[in-house]
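# Provided below for reference: sequence and predicted model.
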Amino acid sequence: MQTATHLKPIPDVRKAGLRQLWNTIARPLDYLSDIASIHPDLFRTQVGGYSVPITLVHHPQAIEQIYANDTEQFSAPGDINSILIPVLGSQSLLNLDGDRHRRARKLMMPSFHGERMYHYGQKIVDIARDLTQQLPSNCPFLAQTLTQQITVRLILQIVLGIDGGDRYERIIRAAAALLNHFNSPLTVTSLFVSKFQVNWGSWSPWGRFLQLQADLDEAIYAEIADRHRDPDPSRTDILALMMSATDEDGRHLSDRELRDELMLLILAGHDTTALAMAWGLYWLHALPDIKQNVLAELAPLGDNPNPMDVFKLPYLTAVCQEVLRIHPVAAFSFPRRAEEEVDLMGYRMPKGENAIISIHLLHQRSDIYPTPHQFDPERFLQRKYSPYEFMPFGGGVRRCVGNALAMYELKLSLATLLQTADFTLLDRQEPKVQRRGVIFAPKGGIPMRVTQRN
């Protein structure tokens, strides 16, 4: 091993001024790709929303080192994600660390794995089919809007255990409005730059955000209050599990803690999957041969297949993996902090410095994925990738708690949509990518129309 004096310095590409901030907000993926073409392992930069420099890592060997030492050389403190506190609150899973993080994660895990998954399967199919059948024939709609409606309804049933009524619809509308608020560079800037977080009324970006957040908060707190007034020990939704849980001192979660966890689950739990699903609809209809391959694989299962049989289909799985490769649900992993000076693949990382794995840059490496810009599901049938080469849901102790449900939902929804109706793209050109807060979405939402019912 090299001694510290012989380690290479991490390439530093920080630049002062508004140009870098604009690139980070308005064209972040292209901007990062430009830098990665010069620095193919890792580099230090200034990421919008973080007050300290961040080392972006995108080489699988360095990624493996970080995750193999996730609790030794590196830590994952929640305070690194302070940029998300205005939206999710300080008590959500993303902002907790130590024992509190492990406890919250352990509490949620059973709801996204095991036997519960079997029960969610038919719900996913029913919701996707019902919403597709409600679309008027030959009328334009946005794929992103349809997929958001599918995923938010499912997550509300899982998280709150409700599937209808005024509050259910109110939360759906409020969540969609809050997420859609961060679709423009101006509103994203208010999230990334704290000095723009000034409430000048509902006409200002931050004032409008606070108003939308208050609408969603009111509905969530009302649901929590109803549960306090009328507890039901037979309920198995995530809110019921969280409200019944206690810590080692017998203390229940406060209403604020419950609210923050619900905000994370409702907002992040449905929007990321909805965006992946929208991209899946695009590629299946931009490349008709791939769509026909999926339909041919589904055909032997009949008109009303068992959801688990659909989930196990290899070609459909490869399609969904390729969607998540070329459009990962999050472009970056949860940040890590070096707890000591680290030799990271021959580079010197000082103690206390933060690192983020760039999932987008990793998935675009031509040495791992030949022709990386081409949508090619066959690559996942021909090769098994390591968790340091393909990691759409992050990795280590901060891997997305809902990753199994997200993949289950993505497969079943796309299969159901294809079996329920024939869709046509209104614009076959690949959509540009735009920021949606801290994640990324297809610009324009992917306009489509239903041309035939199946």
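Great, that's in hand.
# can you pull the contacts of residue 108?
Residues near residue 108 by Cβ atoms under 8 Å, 6 or more residues apart in numbering: 93, 238, 241, 261, 265, 401. (C-beta placed from N, C-alpha, C; glycine too.)
# how far out from the middle of the chain is the helix or strand hosting it?
Here residue 108 sits within helix 98-108, counting by DSSP states H and E. Averaged C-alpha coordinates place helix 98-108 at 19 Å from its chain's average position (Cα atoms, centre = their mean, to the nearest Å).
# start the count at 15, not 1, going forward
Fine by me, first position is 15 from now on; the one you just mentioned is helix 112-122.
# Return the members of the contacts of residue 122 classed as buried.
Buried by 16 or more other Cβ atoms under 10 Å: 107, 252, 275, 279, 415, out of those.
# now, which of those sits nearest residue 120?
Nearest to residue 120 among these is residue 415, at 9.8 Å by Cβ to Cβ.
# so how far is the first residue of stretch 347-355 from its last?
This stretch, stretch 347-355, spans 21 Å end to end (Cα to Cα, to the nearest Å).
# Over to stretch 367-378?
End-to-end for stretch 367-378, by Cα to Cα: 25 Å.
# quick one: average confidence on that stretch?
For stretch 367-378, mean pLDDT rounds to 92.
# repeat for stretch 416-432
Mean per-residue pLDDT for stretch 416-432: 92.
# Can you give me the distance of the nearest residue to residue 417 once chain neighbours are set aside to residue 445?
Nearest residue to residue 417 in three dimensions, chain neighbours excluded: residue 407, at 3.8 Å (Cβ to Cβ, 6 or more residues apart in numbering). With the distance defined as Cβ to Cβ, to the nearest Å, residue 407 ends up 23 Å from residue 445.
# Then residue 211?
29 Å.
# Same question for residue 103.
According to Cβ to Cβ, residue 103 and residue 445 sit 32 Å apart.
# for residue 201, same thing?
Using Cβ to Cβ, we find residue 201 at a distance of 19 Å from residue 445.
# What of residue 438?
In terms of Cβ to Cβ, residue 438 sits 15 Å off from residue 445.
# what about the two, which has more around it?
residue 445 (21 against 13; other Cβ atoms under 10 Å).
# what sits against the more buried one?
Contacts for residue 445 (Cβ under 8 Å, 6+ apart) come out as 296, 456, 457, 458, 460.
# Tell me the secondary structure of it, please.
Secondary structure, DSSP: H, G, I helix; E, B strand; the rest coil: residue 445 is coil.
# Local confidence estimate at the nearest residue to it once chain neighbours are set aside?
The shortest distance from residue 445 to any non-neighbouring residue, by Cβ to Cβ, 6+ apart, is to residue 456 (3.8 Å). Note on residue 456: pLDDT of 91.
# Am I right that residue 456 is in contact with residue 297?
No - the pair residue 456 / residue 297 is not scored as a contact, 10.7 Å apart, by Cβ atoms under 8 Å.
# Check which element follows whichever helix in the chain runs longest along the chain.
Longest helix in the chain, counting residues (DSSP state H): helix 219-243. Note on helix 219-243: by DSSP H and E, the next helix or strand toward the C-terminus is helix 252-258.
# quick one: buried residues of the next helix or strand after that next one?
Scanning forward in sequence from helix 252-258 by DSSP H and E, the next helix or strand is helix 269-277. Across helix 269-277, burial judged by 16+ other Cβ under 10 Å covers 271, 272, 273, 274, 275, 276, 277.
# Any stretches of the stretch 215-364 of the chain with poor pLDDT?
261 (pLDDT under 70).
# Could you find the closest non-adjacent residue to residue 340?
residue 389 (6.1 Å).
# Look up how far residue 354 lies from that neighbour.
Separation of residue 389 from residue 354 (Cβ to Cβ): 42 Å.
# between these two, who's got more neighbours?
Under the criterion of other Cβ under 10 Å, the comparison of residue 389 against residue 354 puts residue 389 first, with 20 against 12.
# The more buried one: what's it in contact with?
Residues near residue 389 by Cβ under 8 Å, 6+ apart: 297, 300, 301, 304, 336, 340.
# burial of residue 398, as a residue count?
Other residues close to residue 398 by other Cβ under 10 Å number 8.
# so residue 169 is in which element?
Short version, using DSSP H and E: residue 169 is in helix 157-173.
# for that helix, what is the average pLDDT?
Per-region confidence: helix 157-173 scores 91 on mean pLDDT.
# so that helix versus helix 112-122, what angle?
Per axes from the mean of the first three to the mean of the last three Cα atoms, to 10 degrees, the angle that helix 157-173 makes with helix 112-122 is 100 degrees.
# tell me what helix 157-173 is packed against?
On a contact count with 3 or more Cβ pairs under 8 Å, 6 or more residues apart in numbering; DSSP states H and E, helix 157-173 meets helix 129-147, helix 180-194, helix 252-258, helix 283-300, helix 417-434, strand 453-456.
# 10 Å instead, please
Helices and strands touching helix 157-173, by 3 or more Cβ pairs under 10 Å, 6 or more residues apart in numbering; DSSP states H and E, are helix 129-147, helix 180-194, helix 252-258, helix 283-300, helix 417-434, strand 435-439, strand 453-456, strand 461-467.
# orientation of that helix relative to helix 269-277 in degrees?
Computed by the same axes, to 10 degrees, the angle separating helix 157-173 from helix 269-277 equals 140 degrees.
# Check which residues of helix 157-173 are buried.
157-158, 160-173.
# cool, stretch 184-195 as well?
So for stretch 184-195, counting by 16+ other Cβ under 10 Å, buried means 185, 186, 188, 189, 190, 192, 193, 194, 195.
# Report the contact partners of the last one.
Yep, that's residue 195 we're talking about. 101, 201-202, 204-205, 219, 222-223, 225-227, 450-451 (Cβ atoms under 10 Å, 6 or more residues apart in numbering).
# Only the buried subset of those residues, as a ChimeraX command please.
To isolate the buried members of the contacts of residue 195 in ChimeraX, using 16+ other Cβ under 10 Å:
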select :101,201,202,204,205,219,222,223,226,227,450,451
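# could the contacts of residue 195 go into JSON lines alongside distance to residue 363?
As requested, the contacts of residue 195 are arranged in JSON lines below (distance: Cβ to Cβ, whole Å):
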{"residue": "101", "distance to residue 363": "29"}
{"residue": "201", "distance to residue 363": "34"}
{"residue": "202", "distance to residue 363": "29"}
{"residue": "204", "distance to residue 363": "32"}
{"residue": "205", "distance to residue 363": "28"}
{"residue": "219", "distance to residue 363": "36"}
{"residue": "222", "distance to residue 363": "40"}
{"residue": "223", "distance to residue 363": "35"}
{"residue": "225", "distance to residue 363": "42"}
{"residue": "226", "distance to residue 363": "39"}
{"residue": "227", "distance to residue 363": "36"}
{"residue": "450", "distance to residue 363": "31"}
{"residue": "451", "distance to residue 363": "28"}
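# Tally up the residues packed near residue 182, please.
Counted by other Cβ under 10 Å, the residues lying close to residue 182 total 17.
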